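Starting from these lines, generate the structure:
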Amino acid sequence: MVQLDEKIYIYLLLIIPAVVVLFVLLQIWKKRTQKKFAQLPLLKRLTPDRSDYKSTLKFFVFLLGIAFLTLGLVNPKIGTKLETVKREGVDIVFAVDVSKSMLAEDIAPNRLEKSKRLVSEIINQLASDRIGIIAYAGQAYPQLPITTDYGAAKMFLQSMNTDMLTSQGTAIDQAIELATTYFDDQDQTNRVLFIISDGEDHSEGATLDAVEFAVEEGIRIFTIGVGKSKGAPIPIKRKGVVESLKKDAQGEVVITKLNTDTLEEIADEGNGEYIDGSDTEKAVEFIKEQLSQMDKKEFEAKQFAAYKDQFQWFLGAGLLLYFLDIFLLDRKTKWLKKLNLFNEKIEQ
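Next comes the predicted model:
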């Protein structure tokens, strides 16, 4: 497997087509200028040792040098072997509420950003656990399947927003049902689902049915409440500026409140616990303690190991080409002239 260390330098290869265009234009200009000076046969008699092909060969060597030096800067790395690493951990799925109510700013900067920070901080405390991410509003959407790539998880997490799902509402039951499909039946790991939400739920009794099914599948459900019980309006922003507040059908400003009762009920039925997400440090510490008490399941993760730098070969090749270019003169080489590989006419 090949890995590029400094991908930004790959754009230097765009120099090559630009140089080719300049070279072609230069050759056209030279031929036109030479015609003004003298006829081609006369020029060849005046410069009998000048090669018609050396300049093109030197240019080709120059381009190869650019290509090799650029690849040297990119520093391709080659994985020398595929290594199977034994890891122990818990399978964790985060279901993050991305409904419009998560834009309420009763907790800074708003409920959604607070949720994303909570999940990110939890991930920072993990060592070898596998994680997955689900986004849900009126429906649930798989954001990231079970993986050990924490970097990718954080990238997907930061891209989550309230506009990613067209179906609005809060269907916690669909998030739980989708989470049950994340876990591999062959790997009987400890399975944990964290629901990060303000507790608004439009699925009513279907949620508890989904919780019951998840428990049967061996999944523990923890809920993390984000928001304040006194509630807050939902701002409608444009380019970061509040234009208005969300209103209901009667024209009244909607006040969305943290529903701890729903979240506590889900956690109780799911053999988990409800966690107050207002204090990030305390919430993360509590979750870390809970996870540490769970039995770890050993599983395999295959990865390429011992990546080796290859830049030296490309830099060496590039420098060698430019060294050879010093000895490539525009005049004909005597021994090559005798071979006449290019069928050049020998002037008498």
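
residue contacts, Ala67?
13, 16, 318 (Cβ atoms under 8 Å, 6 or more residues apart in numbering). For glycine as for every other residue, the C-beta is placed from the backbone atoms N, C-alpha and C.

Does the closest residue to the first one other than its chain neighbours lie in a helix or a strand, and which?
Nearest residue to Leu13 in three dimensions, chain neighbours excluded: Thr70, at 5.4 Å (Cβ to Cβ, 6 or more residues apart in numbering). Secondary structure here is read from DSSP states H and E; on that basis Thr70 sits in helix 54-74.

Rounded mean pLDDT for that helix, please.
For helix 54-74, the mean pLDDT works out to 84.

hmm, who's touching whichever strand or helix holds Ile133?
Taking DSSP H and E as the criterion, Ile133 maps to strand 130-136. With Cβ under 8 Å, 6+ apart as the contact definition, strand 130-136 has outside contacts at 89-99, 119, 123, 140-148, 150, 153, 156-157, 160, 164-165, 170-172, 174-175, 178-179, 182, 189, 299.

Just the ones in helices from these, please.
119, 123, 150, 153, 156-157, 172, 174-175, 178-179 (DSSP state H).

ranges for the helices of the chain?
Taking DSSP H, the helices of the chain run over residues 15-37, 40-46, 54-74, 111-124, 150-158, 172-180, 206-216, 260-269, 280-292, 311-327, 334-339.

Report the inter-axis angle for the longest one versus helix 54-74.
Compare the direction of helix 15-37 with that of helix 54-74 by axes from the mean of the first three to the mean of the last three Cα atoms, to 10 degrees and you get 160 degrees.

One more: the fourth one?
Here helix 111-124 points in a direction 90 degrees away from that of helix 54-74 (the same axes, to 10 degrees).

Summarise which helices and strands helix 111-124 is packed against.
strand 91-97, helix 150-158, strand 191-197, helix 280-292 (3 or more Cβ pairs under 8 Å, 6 or more residues apart in numbering; DSSP states H and E).

that older thread, with distance to Asp198 as added columns, please give the helices of the chain in a markdown table.
Shown next, in a markdown table, are the helices of the chain (distance: least, Cβ to Cβ, whole Å):
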| stretch | distance to Asp198 |
| --- | --- |
| helix 15-37 | 53 |
| helix 40-46 | 84 |
| helix 54-74 | 46 |
| helix 111-124 | 6 |
| helix 150-158 | 18 |
| helix 172-180 | 11 |
| helix 206-216 | 14 |
| helix 260-269 | 9 |
| helix 280-292 | 15 |
| helix 311-327 | 51 |
| helix 334-339 | 81 |
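
Worst mean pLDDT among those?
Across these, the lowest-scoring stretch is helix 334-339, with a mean of 53.

Tell me which of the helices of the chain sits most buried.
helix 172-180 (a mean of 23; mean count of other Cβ atoms under 10 Å).
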